[in-house]
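Colleague: Whatever this is, show me its structure:
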Amino acid sequence: MKLKKLLLSLLFLVFCSSGFAQSSKELTRKKEALQRDIELAQKNLNRTTNGKKLTLSQINAIKAQVRLMQEKISTINSEMKNLDNQITENTGKVHNLQTRLSDLKKEYAGMIRFAQRNQNSYDKMMFIFAAKDFNQAYKRIKYLQQFGQYRKKQASYIQGTEKDLNNKIVVLDKDLKNKNSLLKEQVNEKGKLDKKKNEQAVVLNQLSKQEKQYKQDISKKKQQQAAIDKDIRAAIQREIALAKKKADDEDRERQRIAAAKAKAENKPVPVTSSPKAQTNSEALRATPEAAKLSAAFENNRGSLPSPVANGYITSHFGTYMVDQASGRNEGVTYQTGEGAAVRAVFNGKVSTIFDKFGKYYVIIKHGEYFTVYENLKSVSVSKGQDVSTKQTIGVAGTTDGVPEVGFQIHRGSAPQNPESWIAR
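Modeller: Below is the predicted model of the structure:
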(Lines give C-alpha, C1' and ligand atoms only; values in the text may rest on other atoms or scores of the structure.)
Protein backbone atom coordinates (compact mmCIF):
# COMPACT_ATOMS: atom_id res chain seq x y z
CA MET A 1 0.00 0.00 0.00
CA LYS A 2 2.83 2.37 0.89
CA LEU A 3 4.59 1.55 -2.37
CA LYS A 4 1.40 2.27 -4.35
CA LYS A 5 0.99 5.65 -2.66
CA LEU A 6 4.62 6.52 -3.33
CA LEU A 7 4.33 5.64 -7.03
CA LEU A 8 1.12 7.68 -7.40
CA SER A 9 2.81 10.65 -5.73
CA LEU A 10 5.78 10.45 -8.08
CA LEU A 11 3.52 10.21 -11.15
CA PHE A 12 1.61 13.27 -9.94
CA LEU A 13 4.86 15.21 -9.55
CA VAL A 14 5.97 14.32 -13.08
CA PHE A 15 2.57 15.33 -14.51
CA CYS A 16 2.58 18.70 -12.71
CA SER A 17 6.15 19.42 -13.78
CA SER A 18 5.39 18.72 -17.46
CA GLY A 19 2.31 20.98 -17.34
CA PHE A 20 4.34 23.81 -15.85
CA ALA A 21 7.14 23.38 -18.40
CA GLN A 22 4.67 23.70 -21.27
CA SER A 23 3.15 26.87 -19.83
CA SER A 24 6.60 28.32 -19.19
CA LYS A 25 7.68 27.60 -22.78
CA GLU A 26 4.58 29.31 -24.15
CA LEU A 27 5.26 32.43 -22.06
CA THR A 28 8.90 32.45 -23.15
CA ARG A 29 7.89 32.23 -26.83
CA LYS A 30 5.38 35.04 -26.36
CA LYS A 31 7.99 37.21 -24.65
CA GLU A 32 10.50 36.60 -27.46
CA ALA A 33 7.87 37.47 -30.09
CA LEU A 34 7.02 40.70 -28.24
CA GLN A 35 10.70 41.61 -28.11
CA ARG A 36 10.98 41.12 -31.89
CA ASP A 37 7.98 43.41 -32.40
CA ILE A 38 9.47 46.04 -30.05
CA GLU A 39 12.74 46.01 -32.01
CA LEU A 40 10.84 46.22 -35.32
CA ALA A 41 8.84 49.19 -33.99
CA GLN A 42 12.10 50.91 -33.02
CA LYS A 43 13.47 50.39 -36.54
CA ASN A 44 10.33 51.91 -38.01
CA LEU A 45 10.50 54.76 -35.53
CA ASN A 46 14.11 55.47 -36.53
CA ARG A 47 12.94 55.85 -40.15
CA THR A 48 10.61 58.70 -39.18
CA THR A 49 12.64 60.62 -36.59
CA ASN A 50 15.14 61.86 -39.22
CA GLY A 51 12.56 64.30 -40.54
CA LYS A 52 11.47 67.40 -38.65
CA LYS A 53 7.83 66.88 -39.56
CA LEU A 54 5.81 64.74 -37.15
CA THR A 55 3.94 61.90 -38.85
CA LEU A 56 1.07 59.63 -37.93
CA SER A 57 3.37 56.64 -38.51
CA GLN A 58 5.80 58.01 -35.93
CA ILE A 59 3.06 58.43 -33.33
CA ASN A 60 1.69 54.96 -34.09
CA ALA A 61 5.16 53.40 -33.79
CA ILE A 62 5.73 54.99 -30.35
CA LYS A 63 2.27 54.00 -29.13
CA ALA A 64 2.84 50.47 -30.40
CA GLN A 65 6.16 50.26 -28.58
CA VAL A 66 4.58 51.40 -25.30
CA ARG A 67 1.79 48.85 -25.70
CA LEU A 68 4.20 46.05 -26.61
CA MET A 69 6.49 46.91 -23.67
CA GLN A 70 3.53 46.84 -21.28
CA GLU A 71 2.48 43.48 -22.70
CA LYS A 72 6.03 42.15 -22.31
CA ILE A 73 6.11 43.24 -18.65
CA SER A 74 2.74 41.56 -18.17
CA THR A 75 4.18 38.37 -19.70
CA ILE A 76 7.18 38.56 -17.34
CA ASN A 77 4.77 38.94 -14.42
CA SER A 78 2.93 35.81 -15.60
CA GLU A 79 6.27 33.97 -15.78
CA MET A 80 7.08 35.07 -12.22
CA LYS A 81 3.65 33.98 -11.00
CA ASN A 82 4.20 30.58 -12.59
CA LEU A 83 7.61 30.33 -10.96
CA ASP A 84 6.21 31.35 -7.56
CA ASN A 85 3.62 28.58 -7.85
CA GLN A 86 6.30 26.12 -8.92
CA ILE A 87 8.64 27.16 -6.10
CA THR A 88 5.84 26.74 -3.55
CA GLU A 89 4.92 23.38 -5.06
CA ASN A 90 8.52 22.15 -5.18
CA THR A 91 9.17 23.34 -1.62
CA GLY A 92 6.21 21.25 -0.49
CA LYS A 93 7.48 18.29 -2.49
CA VAL A 94 10.94 18.60 -0.91
CA HIS A 95 9.41 18.64 2.58
CA ASN A 96 7.20 15.62 1.75
CA LEU A 97 10.16 13.70 0.33
CA GLN A 98 12.26 14.57 3.38
CA THR A 99 9.52 13.29 5.69
CA ARG A 100 9.07 10.20 3.56
CA LEU A 101 12.83 9.55 3.56
CA SER A 102 13.00 9.92 7.34
CA ASP A 103 10.11 7.45 7.79
CA LEU A 104 11.71 4.96 5.39
CA LYS A 105 15.05 5.16 7.19
CA LYS A 106 13.41 4.64 10.62
CA GLU A 107 11.48 1.66 9.27
CA TYR A 108 14.61 0.25 7.67
CA ALA A 109 16.62 0.72 10.88
CA GLY A 110 13.95 -1.23 12.78
CA MET A 111 14.23 -4.09 10.27
CA ILE A 112 18.03 -4.10 10.60
CA ARG A 113 17.79 -4.32 14.39
CA PHE A 114 15.30 -7.18 14.09
CA ALA A 115 17.55 -8.98 11.61
CA GLN A 116 20.55 -8.58 13.89
CA ARG A 117 18.66 -10.03 16.83
CA ASN A 118 17.62 -13.03 14.71
CA GLN A 119 20.67 -13.48 12.55
CA ASN A 120 21.66 -16.72 14.31
CA SER A 121 20.74 -19.73 12.15
CA TYR A 122 19.82 -21.66 15.30
CA ASP A 123 17.24 -18.99 16.24
CA LYS A 124 15.72 -19.16 12.76
CA MET A 125 15.50 -22.93 12.89
CA MET A 126 13.93 -22.79 16.33
CA PHE A 127 11.40 -20.23 15.02
CA ILE A 128 10.42 -22.67 12.24
CA PHE A 129 10.41 -25.85 14.35
CA ALA A 130 8.34 -24.14 17.05
CA ALA A 131 5.40 -24.15 14.63
CA LYS A 132 2.30 -26.14 15.62
CA ASP A 133 2.04 -27.94 12.29
CA PHE A 134 3.53 -28.22 8.82
CA ASN A 135 1.42 -25.40 7.34
CA GLN A 136 2.50 -22.94 10.01
CA ALA A 137 6.12 -23.99 9.57
CA TYR A 138 5.84 -23.40 5.80
CA LYS A 139 4.32 -19.97 6.38
CA ARG A 140 7.17 -19.06 8.75
CA ILE A 141 9.73 -20.09 6.13
CA LYS A 142 7.96 -17.89 3.53
CA TYR A 143 7.80 -15.06 6.06
CA LEU A 144 11.56 -15.15 6.61
CA GLN A 145 12.12 -15.15 2.82
CA GLN A 146 9.69 -12.28 2.23
CA PHE A 147 11.18 -10.31 5.08
CA GLY A 148 14.59 -10.46 3.40
CA GLN A 149 13.12 -9.42 0.06
CA TYR A 150 11.15 -6.58 1.64
CA ARG A 151 14.30 -5.28 3.35
CA LYS A 152 16.04 -5.15 -0.03
CA LYS A 153 13.05 -3.29 -1.51
CA GLN A 154 13.09 -0.81 1.35
CA ALA A 155 16.75 -0.11 0.69
CA SER A 156 15.87 0.47 -2.98
CA TYR A 157 13.00 2.82 -1.99
CA ILE A 158 15.37 4.82 0.19
CA GLN A 159 17.85 5.21 -2.65
CA GLY A 160 15.08 6.23 -5.08
CA THR A 161 13.60 8.72 -2.62
CA GLU A 162 17.02 10.25 -1.96
CA LYS A 163 17.54 10.60 -5.73
CA ASP A 164 14.10 12.24 -6.17
CA LEU A 165 14.83 14.56 -3.25
CA ASN A 166 18.16 15.65 -4.72
CA ASN A 167 16.53 16.21 -8.13
CA LYS A 168 13.77 18.35 -6.63
CA ILE A 169 16.33 20.40 -4.69
CA VAL A 170 18.20 21.02 -7.98
CA VAL A 171 14.94 22.07 -9.69
CA LEU A 172 14.06 24.33 -6.75
CA ASP A 173 17.48 26.02 -6.90
CA LYS A 174 17.03 26.51 -10.66
CA ASP A 175 13.58 28.04 -10.15
CA LEU A 176 14.96 30.46 -7.55
CA LYS A 177 17.74 31.53 -9.95
CA ASN A 178 15.21 31.96 -12.78
CA LYS A 179 13.01 34.10 -10.55
CA ASN A 180 15.96 36.29 -9.66
CA SER A 181 16.77 36.66 -13.35
CA LEU A 182 13.14 37.55 -14.16
CA LEU A 183 13.11 40.17 -11.38
CA LYS A 184 16.16 41.83 -12.93
CA GLU A 185 14.54 41.64 -16.40
CA GLN A 186 11.34 43.16 -15.03
CA VAL A 187 13.23 46.11 -13.50
CA ASN A 188 15.11 46.60 -16.77
CA GLU A 189 11.92 46.54 -18.86
CA LYS A 190 10.15 48.96 -16.53
CA GLY A 191 13.08 51.35 -16.95
CA LYS A 192 12.80 51.07 -20.75
CA LEU A 193 9.04 51.63 -20.53
CA ASP A 194 9.47 54.79 -18.43
CA LYS A 195 11.99 56.08 -20.96
CA LYS A 196 9.64 55.32 -23.85
CA LYS A 197 6.75 57.06 -22.08
CA ASN A 198 8.93 60.15 -21.66
CA GLU A 199 9.70 59.96 -25.38
CA GLN A 200 5.98 59.71 -26.07
CA ALA A 201 5.34 62.80 -23.95
CA VAL A 202 7.96 64.73 -25.97
CA VAL A 203 6.31 63.66 -29.23
CA LEU A 204 2.85 64.65 -28.00
CA ASN A 205 4.27 68.01 -26.93
CA GLN A 206 5.72 68.40 -30.41
CA LEU A 207 2.31 67.44 -31.79
CA SER A 208 0.68 70.40 -30.08
CA LYS A 209 3.19 72.73 -31.79
CA GLN A 210 2.47 71.18 -35.19
CA GLU A 211 -1.23 70.72 -34.56
CA LYS A 212 -2.46 72.67 -37.58
CA GLN A 213 -0.18 70.90 -40.06
CA TYR A 214 -0.80 67.55 -38.41
CA LYS A 215 -4.59 67.90 -38.61
CA GLN A 216 -4.28 68.80 -42.28
CA ASP A 217 -2.27 65.63 -42.88
CA ILE A 218 -4.84 63.57 -40.96
CA SER A 219 -7.65 65.12 -42.98
CA LYS A 220 -5.86 64.32 -46.22
CA LYS A 221 -5.26 60.71 -45.15
CA LYS A 222 -8.91 60.35 -44.13
CA GLN A 223 -10.04 61.59 -47.55
CA GLN A 224 -7.68 59.19 -49.30
CA GLN A 225 -8.78 56.26 -47.12
CA ALA A 226 -12.45 57.13 -47.70
CA ALA A 227 -11.84 57.02 -51.47
CA ILE A 228 -10.01 53.68 -51.13
CA ASP A 229 -12.78 52.20 -48.96
CA LYS A 230 -15.36 53.40 -51.49
CA ASP A 231 -13.51 51.54 -54.28
CA ILE A 232 -13.26 48.42 -52.09
CA ARG A 233 -16.98 48.46 -51.34
CA ALA A 234 -17.79 49.04 -55.02
CA ALA A 235 -15.58 46.10 -56.04
CA ILE A 236 -17.29 43.83 -53.50
CA GLN A 237 -20.74 45.01 -54.63
CA ARG A 238 -19.80 44.15 -58.21
CA GLU A 239 -18.88 40.63 -57.11
CA ILE A 240 -22.20 40.31 -55.28
CA ALA A 241 -24.11 41.59 -58.31
CA LEU A 242 -22.28 39.10 -60.56
CA ALA A 243 -23.08 36.26 -58.16
CA LYS A 244 -26.77 37.24 -58.12
CA LYS A 245 -26.88 37.54 -61.92
CA LYS A 246 -25.24 34.12 -62.28
CA ALA A 247 -27.76 32.61 -59.86
CA ASP A 248 -30.66 34.26 -61.76
CA ASP A 249 -29.31 33.05 -65.11
CA GLU A 250 -29.00 29.51 -63.78
CA ASP A 251 -32.56 29.69 -62.41
CA ARG A 252 -33.89 30.84 -65.80
CA GLU A 253 -31.91 28.11 -67.56
CA ARG A 254 -33.42 25.48 -65.28
CA GLN A 255 -36.91 26.80 -66.06
CA ARG A 256 -36.17 26.77 -69.81
CA ILE A 257 -34.92 23.16 -69.68
CA ALA A 258 -37.99 22.11 -67.64
CA ALA A 259 -40.34 23.80 -70.15
CA ALA A 260 -38.57 22.18 -73.13
CA LYS A 261 -38.75 18.76 -71.49
CA ALA A 262 -42.49 19.15 -70.71
CA LYS A 263 -43.21 20.23 -74.30
CA ALA A 264 -41.28 17.26 -75.71
CA GLU A 265 -43.26 14.89 -73.48
CA ASN A 266 -46.62 16.58 -74.35
CA LYS A 267 -47.07 17.62 -70.73
CA PRO A 268 -48.32 20.99 -69.44
CA VAL A 269 -45.57 23.57 -69.61
CA PRO A 270 -44.68 24.85 -66.11
CA VAL A 271 -45.55 28.49 -65.49
CA THR A 272 -42.40 30.56 -65.78
CA SER A 273 -41.74 32.63 -62.67
CA SER A 274 -39.33 35.42 -61.92
CA PRO A 275 -36.03 34.31 -60.35
CA LYS A 276 -36.19 34.11 -56.59
CA ALA A 277 -34.75 37.17 -54.87
CA GLN A 278 -31.56 36.13 -53.10
CA THR A 279 -29.71 37.67 -50.20
CA ASN A 280 -26.03 38.55 -50.63
CA SER A 281 -25.09 35.50 -48.56
CA GLU A 282 -27.27 33.13 -50.59
CA ALA A 283 -25.91 34.44 -53.88
CA LEU A 284 -22.26 34.19 -52.79
CA ARG A 285 -22.79 30.65 -51.43
CA ALA A 286 -24.92 29.48 -54.34
CA THR A 287 -22.50 26.87 -55.65
CA PRO A 288 -21.33 23.84 -53.62
CA GLU A 289 -17.71 24.99 -54.02
CA ALA A 290 -18.50 28.49 -52.69
CA ALA A 291 -20.55 27.09 -49.79
CA LYS A 292 -17.72 24.71 -48.84
CA LEU A 293 -15.11 27.49 -49.00
CA SER A 294 -17.27 29.82 -46.90
CA ALA A 295 -17.76 27.13 -44.26
CA ALA A 296 -14.02 26.40 -44.19
CA PHE A 297 -13.25 30.11 -43.76
CA GLU A 298 -15.76 30.39 -40.90
CA ASN A 299 -14.34 27.29 -39.20
CA ASN A 300 -10.92 28.96 -39.11
CA ARG A 301 -12.15 32.00 -37.24
CA GLY A 302 -9.52 32.90 -34.65
CA SER A 303 -6.80 30.81 -36.31
CA LEU A 304 -6.13 32.55 -39.64
CA PRO A 305 -2.49 33.62 -40.16
CA SER A 306 -1.72 37.33 -40.26
CA PRO A 307 -1.15 38.93 -43.69
CA VAL A 308 2.51 39.59 -42.73
CA ALA A 309 4.85 37.10 -41.09
CA ASN A 310 6.37 39.78 -38.83
CA GLY A 311 4.55 42.88 -37.71
CA TYR A 312 2.30 44.50 -35.13
CA ILE A 313 -1.04 46.28 -35.29
CA THR A 314 -0.90 50.06 -34.95
CA SER A 315 -4.48 50.94 -35.93
CA HIS A 316 -7.42 48.83 -34.81
CA PHE A 317 -10.84 48.18 -36.29
CA GLY A 318 -13.49 50.89 -35.88
CA THR A 319 -13.33 54.53 -34.83
CA TYR A 320 -10.01 55.79 -33.47
CA MET A 321 -8.68 59.04 -32.04
CA VAL A 322 -5.28 60.62 -32.66
CA ASP A 323 -4.99 63.62 -30.36
CA GLN A 324 -8.14 65.61 -31.32
CA ALA A 325 -8.44 64.09 -34.80
CA SER A 326 -10.69 61.07 -35.31
CA GLY A 327 -10.94 58.51 -38.06
CA ARG A 328 -12.36 55.10 -38.87
CA ASN A 329 -10.59 51.95 -39.93
CA GLU A 330 -12.62 49.29 -41.78
CA GLY A 331 -9.92 46.79 -40.85
CA VAL A 332 -6.54 46.93 -39.10
CA THR A 333 -3.14 48.39 -40.02
CA TYR A 334 0.13 46.51 -39.57
CA GLN A 335 3.58 48.06 -39.42
CA THR A 336 6.08 45.53 -40.71
CA GLY A 337 9.65 45.23 -42.01
CA GLU A 338 11.05 46.77 -45.17
CA GLY A 339 10.28 44.66 -48.25
CA ALA A 340 8.01 42.36 -46.22
CA ALA A 341 5.97 39.82 -48.16
CA VAL A 342 2.19 40.17 -47.96
CA ARG A 343 0.39 36.82 -47.94
CA ALA A 344 -3.12 35.47 -48.39
CA VAL A 345 -4.68 34.44 -45.10
CA PHE A 346 -6.79 31.66 -46.66
CA ASN A 347 -7.47 29.75 -49.86
CA GLY A 348 -9.47 31.75 -52.39
CA LYS A 349 -9.60 33.47 -55.77
CA VAL A 350 -8.27 36.96 -56.58
CA SER A 351 -11.37 38.93 -57.53
CA THR A 352 -10.02 42.47 -57.83
CA ILE A 353 -6.71 44.30 -58.17
CA PHE A 354 -6.62 48.08 -58.44
CA ASP A 355 -4.14 50.87 -57.82
CA LYS A 356 -4.80 54.19 -56.15
CA PHE A 357 -2.52 56.97 -54.88
CA GLY A 358 0.50 55.02 -56.12
CA LYS A 359 -0.27 51.82 -54.19
CA TYR A 360 -1.90 48.49 -55.06
CA TYR A 361 -4.95 46.90 -53.46
CA VAL A 362 -5.89 43.21 -53.73
CA ILE A 363 -9.26 41.63 -52.92
CA ILE A 364 -9.51 37.84 -52.54
CA LYS A 365 -12.85 36.04 -52.50
CA HIS A 366 -13.48 33.13 -50.11
CA GLY A 367 -17.07 32.13 -50.89
CA GLU A 368 -19.18 34.81 -49.21
CA TYR A 369 -16.12 36.29 -47.50
CA PHE A 370 -13.61 38.78 -48.90
CA THR A 371 -10.16 39.69 -47.59
CA VAL A 372 -8.59 42.99 -48.60
CA TYR A 373 -4.85 43.77 -48.67
CA GLU A 374 -4.02 47.48 -48.81
CA ASN A 375 -0.97 49.64 -49.45
CA LEU A 376 1.08 47.16 -51.50
CA LYS A 377 4.21 48.33 -53.29
CA SER A 378 3.90 45.54 -55.88
CA VAL A 379 1.61 42.61 -56.66
CA SER A 380 2.64 39.08 -57.66
CA VAL A 381 -0.80 37.63 -58.47
CA SER A 382 -3.38 38.35 -61.16
CA LYS A 383 -7.16 38.68 -61.27
CA GLY A 384 -8.95 35.32 -61.37
CA GLN A 385 -5.94 33.45 -59.96
CA ASP A 386 -6.48 30.82 -57.26
CA VAL A 387 -4.31 31.37 -54.19
CA SER A 388 -3.54 29.24 -51.16
CA THR A 389 -3.09 30.04 -47.47
CA LYS A 390 0.14 32.00 -46.79
CA GLN A 391 0.88 32.38 -50.52
CA THR A 392 2.73 35.63 -51.24
CA ILE A 393 0.54 38.06 -53.17
CA GLY A 394 2.77 41.14 -53.07
CA VAL A 395 5.22 43.35 -51.17
CA ALA A 396 4.34 45.85 -48.42
CA GLY A 397 4.40 49.51 -49.38
CA THR A 398 5.41 52.41 -47.14
CA THR A 399 3.58 55.29 -45.49
CA ASP A 400 5.77 58.22 -44.45
CA GLY A 401 8.76 55.92 -44.93
CA VAL A 402 7.37 53.14 -42.70
CA PRO A 403 6.34 49.75 -44.19
CA GLU A 404 2.60 49.42 -43.58
CA VAL A 405 -0.15 47.05 -44.73
CA GLY A 406 -3.88 47.53 -44.29
CA PHE A 407 -6.03 44.42 -43.91
CA GLN A 408 -9.80 44.03 -44.03
CA ILE A 409 -12.30 41.15 -43.84
CA HIS A 410 -15.83 41.47 -45.22
CA ARG A 411 -18.74 39.07 -45.00
CA GLY A 412 -20.55 40.08 -48.12
CA SER A 413 -20.51 43.86 -47.87
CA ALA A 414 -20.30 43.94 -44.06
CA PRO A 415 -16.82 44.67 -42.62
CA GLN A 416 -15.62 42.37 -39.82
CA ASN A 417 -13.06 42.95 -37.07
CA PRO A 418 -9.95 41.10 -38.34
CA GLU A 419 -8.57 40.71 -34.82
CA SER A 420 -11.34 38.21 -34.02
CA TRP A 421 -10.31 36.13 -37.05
CA ILE A 422 -6.50 36.28 -36.94
CA ALA A 423 -4.58 33.94 -34.61
CA ARG A 424 -2.91 35.82 -31.76
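
Colleague: what sits against Ser281?
Modeller: Contacts for Ser281 were tallied using Cβ atoms under 8 Å, 6 or more residues apart in numbering; they are 368, 411-412. C-beta: built from backbone N, CA, C; applies to glycine.

Colleague: how does it look with 6 Å?
Modeller: Going by Cβ atoms under 6 Å, 6 or more residues apart in numbering, Ser281 touches 368, 412.

Colleague: In terms of helices and strands, where is it?
Modeller: Taking DSSP states H and E as the criterion, the element that holds Ser281 is helix 280-284.

Colleague: now do Arg328
Modeller: Mapping Arg328 onto the secondary structure by DSSP H and E places it in strand 325-329.

Colleague: what's the following helix or strand after that strand?
Modeller: Following strand 325-329 in sequence order, the next helix or strand is strand 332-336 (DSSP H and E).

Colleague: what sits up against the helix or strand following that next one?
Modeller: Moving toward the C-terminus from strand 332-336, the first helix or strand encountered (DSSP H and E) is strand 341-343. Outside strand 341-343, the residues that touch it by Cβ under 6 Å, 6+ apart are 307, 373, 376, 390, 392-394, 396, 405.

Colleague: lowest average confidence, helix or strand, in this structure?
Modeller: None of the helices or strands of the chain scores lower by mean pLDDT, DSSP states H and E than helix 121-129, at a mean of 50.

Colleague: and the helix or strand that contains Lys81, what other elements does it pack with?
Modeller: Per DSSP H and E: Lys81 is located in helix 56-117. Using 3 or more Cβ pairs under 6 Å, 6 or more residues apart in numbering; DSSP states H and E as the contact criterion, the secondary-structure elements in contact with helix 56-117 are helix 2-49, helix 134-209, strand 311-315.

Colleague: Quick one: mean pLDDT for stretch 175-195?
Modeller: Mean pLDDT, taken over the full extent of stretch 175-195, equals 78.

Colleague: Can you name the residues in contact with it?
Modeller: 69, 72-73, 76, 79-80, 83, 86-87.

Colleague: do stretch 395-407 as well
Modeller: Contacts for stretch 395-407 (Cβ under 6 Å, 6+ apart): 44, 47-48, 55, 57, 307-308, 331-336, 338, 340, 342, 359, 374-378, 418.

Colleague: For that stretch, measure first residue to last.
Modeller: Using Cα to Cα, to the nearest Å, the span of stretch 395-407 from its first residue to its last is 13 Å.

Colleague: so what secondary structure elements neighbour the helix or strand following the helix holding Ser281?
Modeller: The helix or strand immediately downstream of helix 280-284 is helix 288-299, counting by DSSP H and E. Contact here means 3+ Cβ pairs under 6 Å, 6+ apart; on that basis helix 288-299 packs against no helix or strand.

Colleague: how about helix 288-299: buried residues?
Modeller: Burial within helix 288-299, assessed by neighbour count using 16 or more other Cβ atoms under 10 Å, is assigned to 290, 293-294, 297.

Colleague: which one of those residues sits closest to Ile218?
Modeller: Nearest to Ile218 among the buried residues of helix 288-299 is Phe297, at 34.0 Å by Cβ to Cβ.

Colleague: Next one: the closest one, what pLDDT does it get?
Modeller: 97.

Colleague: Quick check: the gap between it and Lys195.
Modeller: The span separating Phe297 from Lys195 equals 43 Å under the rule Cβ to Cβ, to the nearest Å.

Colleague: Equivalent analysis for Gln408, please.
Modeller: When distances are taken as Cβ to Cβ, Gln408 and Lys195 turn out to be 35 Å apart.

Colleague: Among these two, which residue is more densely surrounded?
Modeller: The neighbour comparison of Gln408 against Lys195 (other Cβ atoms under 10 Å) goes to Gln408, with 24 against 11.

Colleague: between the strand or helix carrying the more buried one and strand 332-336, how many degrees?
Modeller: The secondary structure element spanning Gln408 is strand 402-411 (assigned by DSSP H and E). On the basis of axes from the mean of the first three to the mean of the last three Cα atoms, to 10 degrees, strand 402-411 is oriented at 150 degrees to strand 332-336.

Colleague: start the count at 154, not 1, going forward
Modeller: Sure, I'll start counting at 154 from here, so that last one is strand 555-564.

Colleague: for the record, mean pLDDT for strand 555-564?
Modeller: 94.

Colleague: That one vs strand 464-468, what angle?
Modeller: If you take the same axes, to 10 degrees, strand 555-564 sits at 70 degrees to strand 464-468.

Colleague: Pull up the pairing partners for strand 555-564, direction included.
Modeller: strand 485-489 (antiparallel), strand 522-532 (antiparallel), strand 545-552 (antiparallel), strand 567-569 (antiparallel) (DSSP bridges).

Colleague: Out of those strands, flag the one nearest Gln408.
Modeller: Closest to Gln408 of the strands paired with strand 555-564 is strand 522-532 (Cβ to Cβ; 30.3 Å).

Colleague: Show me what the helix or strand following that closest one is packed against.
Modeller: Where DSSP H and E defines the elements, the next helix or strand beyond strand 522-532 is strand 539-540. On a contact count with 3+ Cβ pairs under 6 Å, 6+ apart, strand 539-540 meets no helix or strand.

Colleague: Please report phi then psi for the residue lying closest to Leu437 once chain neighbours are set aside.
Modeller: For Leu437, ignoring the flanking residues on the chain, the nearest one in space by Cβ to Cβ, 6 or more residues apart in numbering is Glu521 at 3.6 Å. Reported as degrees, to the nearest 10, the phi and psi values for Glu521 are phi -90, psi 0.

Colleague: Glu521 is in contact with Arg438, isn't it?
Modeller: Yes. Glu521 is in contact with Arg438 according to Cβ atoms under 6 Å; the separation is 5.2 Å.

Colleague: With neighbour numbers in mind, choose between the two.
Modeller: Neighbours per residue, other Cβ under 10 Å: of Glu521 and Arg438, the larger number sits with Glu521, 26 against 23.

Colleague: Can you name the residues that contact that one?
Modeller: 434, 437-438, 447, 565.

Colleague: Let's have those residues in TSV, adding distance to Asp402.
Modeller: Converted to TSV, the contacts of Glu521 look like this (distance: Cβ to Cβ, whole Å):
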residue	distance to Asp402
Ser434	19
Leu437	15
Arg438	17
Ser447	21
Gly565	20
